[in-house]
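J.: 3D model of this:
(one chain, ligands or ions: 2)
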Amino acid sequence: MKALVYKGPAQKAWEEIADPVLEAPTDVIVRITHTTICGTDLHILKGDVPTVTPGRVLGHEGVGVVEEVGAAVRNFKRGDPVLISCITACGSCPNCKRQMYAHCENGGWILGNTINGTQSERVRIPHAEHSLYRIPSGANEEALVMLSDILPTGFEIGVLYGQVKPGDTVAIVGAGPVGMAALLTAQFYSPARLIMIDMDANRLEVAKKFGATDVIRVGDGDAVQKVKALTDGLGVDVAIEAVGIPATFDICQSILAPGARLANVGVHGKSVELHLENLWIQNVSISTGLVNTNTTPLLLKTVQSGSIDPTRLITHRFPLAKIEEAYEVFGNAAREKALKVILSA
Ligand SMILES: [Zn+2]
Ligand SMILES: [Zn+2]
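T.: Ligands and ions are numbered 1, 2, ... in the order given. Okay, the predicted model is just below:
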């Protein structure tokens, strides 16, 4: 079969490799029908993720069809259409027992990291009973690819950890796919204002269509002053950080109203300066996290009912075999006006 293989920093190839085989009775082999590229894959290609070693097939998102089923897997059979979670969960370790699947002792984020991933014609999914979700018949499979990672990430780590409530003023810093996923799912809770902050004018235009009430372009003056002006000097109830650099964290910690929540979603590679000398008296809280995907069943229902339409995040489509072209487009997202790219087999 063909797969997108990581060859070391800045090197990858779509090439022939051996088909995956069942290695444990709890495994399932899935034939991929749709997958996508994540910002994390770009971090890996920069050499930022040392757990990914040359020879690894990338990708941790996708949907497909069950081809082979291990002897211990009871809830899936050959031919079942399935959604692959970016988080592998054994379902029985102490962290899985408290729904901290991100920290599963036998899984967590392993796909496209420490084991071969989904940017491939076939993939082995360990602990399949807890790591795959059956796709309801008639569902839009492209929409469900957004449920592998970005929608639960924006929802769980941004919206739920940020405790977005009716009437809240929410600022989201970073209008990439995960920031947009937070923007879409924050609307479950009817916040009064959703302020989107980014450097890219095109993404901010898209954010308005997705429900942002206000947009602020970083670079057109001081973003912090602009948020203060929009909120009568008070600041926001929730600031969601969806970039992962010191400058964007700094905006978030500078716009908090008393009692506010700062939900960090971004993947940080450098330390940030935490201004505790200003924050200690403000009754604020700061949360962090890696997605648990425990809300995936709930999000599946909201997509099925039409309360959110994640296909709006898809800007480009390619055949799976053209994945290297897709990387070019996704890697130049601002120039290409790209949010999510879909690859279909
Ligand atoms: Zn991802
Ligand atoms: Zn576990």
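
J.: for the rest of this, base every contact and every neighbour count on C-alpha atoms.
T.: Will do.

J.: spit out the contact partners of the residue lying closest to Val218 once chain neighbours are set aside.
T.: By the measure of CA to CA, 6 or more residues apart in numbering, the closest residue to Val218 outside its immediate chain neighbours is Met199, 4.8 Å from it. If you count contacts by CA atoms under 8 Å, 6 or more residues apart in numbering, Met199 has them with Arg217, Val218, Gly219.

J.: then Pro166?
T.: Tyr189, Ser190, Pro191, Ala192.

J.: which among those count as buried?
T.: Buried members of the contacts of Pro166, counted by 16 or more other CA atoms under 10 Å: Pro191.

J.: between the contacts of Pro166, which is nearest ligand 2?
T.: The closest of the contacts of Pro166 to ligand 2 turns out to be Tyr189 (CA to the ion; 30.4 Å).

J.: quick check on that closest one: phi, psi?
T.: phi -110, psi 10 (degrees, to the nearest 10).

J.: now swap in the one 4 residues further on and tell me
T.: Per-residue torsions, Arg193: phi -140, psi 140 (degrees, to the nearest 10).

J.: OK, contacts around it?
T.: Gly167, Asp168, Thr169, Val170, Ala212, Thr213, Asp214.

J.: can you rerun that using 10 Å?
T.: By CA atoms under 10 Å, 6 or more residues apart in numbering, the contact set of Arg193 is 166-171, 187, 211-214, 230-231, 236-237.

J.: what of Glu121?
T.: Residues near Glu121 by CA under 10 Å, 6+ apart: 1-4, 19-20, 30-35, 64, 320-321, 344-345.

J.: which residues does the nearest residue to it once chain neighbours are set aside bridge with?
T.: The shortest distance from Glu121 to any non-neighbouring residue, by CA to CA, 6+ apart, is to Ile32 (5.4 Å). Here Ile32 shows beta-bridge partners Gly64, assigned using DSSP bridges.

J.: for Ile32, what are its contacts?
T.: 61-67, 81-84, 118-123, 320, 343-345.

J.: which of these come close to ligand 2?
T.: Under the cut-off given by CA under 5 Å from the ion, ligand 2 has nothing from those close to it.
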